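Enquirer: Have a look at this prediction, sequence included:
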Amino acid sequence: KGALSVTATSKGSYTGVVLYLNGPACVDGSAYTGVEFDLSGSLGTCNLTFGFAFADDLTAASDSNRGICAATNCYPPTVAVTETGTIKEPYTAVTGGSPLMSVDQQKLTGVQWQIQSPATGTTCTATFTLDNVSFY
């Protein structure tokens, strides 16, 4: 257990960190409502999103044991994070994944945070800390 400190710069594309749930099988998180975490620090002018990684939106090239997405675009659903403090993100809050729009709670492979510059061609820098990540 320990905090994860992140300093990242983004120019247009997503930059981020993933807490990977390692193992030969997916993690079944269906007994829980979602994930909570403590967020502190500064997002600067960056936009921050949180998402759940799971088998259906993960390619075999990314995870040969668990990734099953064969679509042209494979990425997890996300939700904007706009404040610091203790954040609770239920599975139902995240949307927009491909090919599945919502989370398959029985096939989790990780959780992720991504920053992105709010405007094309501009650069943003964020310095923040993630701590106490857990299911709730």
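Expert: Here it is on my side, so go on.
Enquirer: As a quick check, tell me the outermost residue of the protein.
Expert: What lies farthest from the middle of the chain is Gly121; by CA atoms, centre = their mean that is 23.4 Å.
Enquirer: Tell me who's in contact with Ser134.
Expert: Counting by CB atoms under 8 Å, 6 or more residues apart in numbering, Ser134 touches 35-37. For glycine as for every other residue, the C-beta is placed from the backbone atoms N, C-alpha and C.
Enquirer: The same query, at a cut-off of 10 Å, please.
Expert: 1, 32, 35-37 (CB atoms under 10 Å, 6 or more residues apart in numbering).
Enquirer: gap between the two ends of stretch 20-34?
Expert: 16 Å (CA to CA, to the nearest Å).
Enquirer: before we move on, what about stretch 83-97?
Expert: For stretch 83-97, the end-to-end distance is 22 Å (CA to CA).
Enquirer: starting at the chain centroid, how far to that stretch?
Expert: Between the centre of stretch 83-97 and the centre of its chain there are 9 Å (CA atoms, centre = their mean, to the nearest Å).
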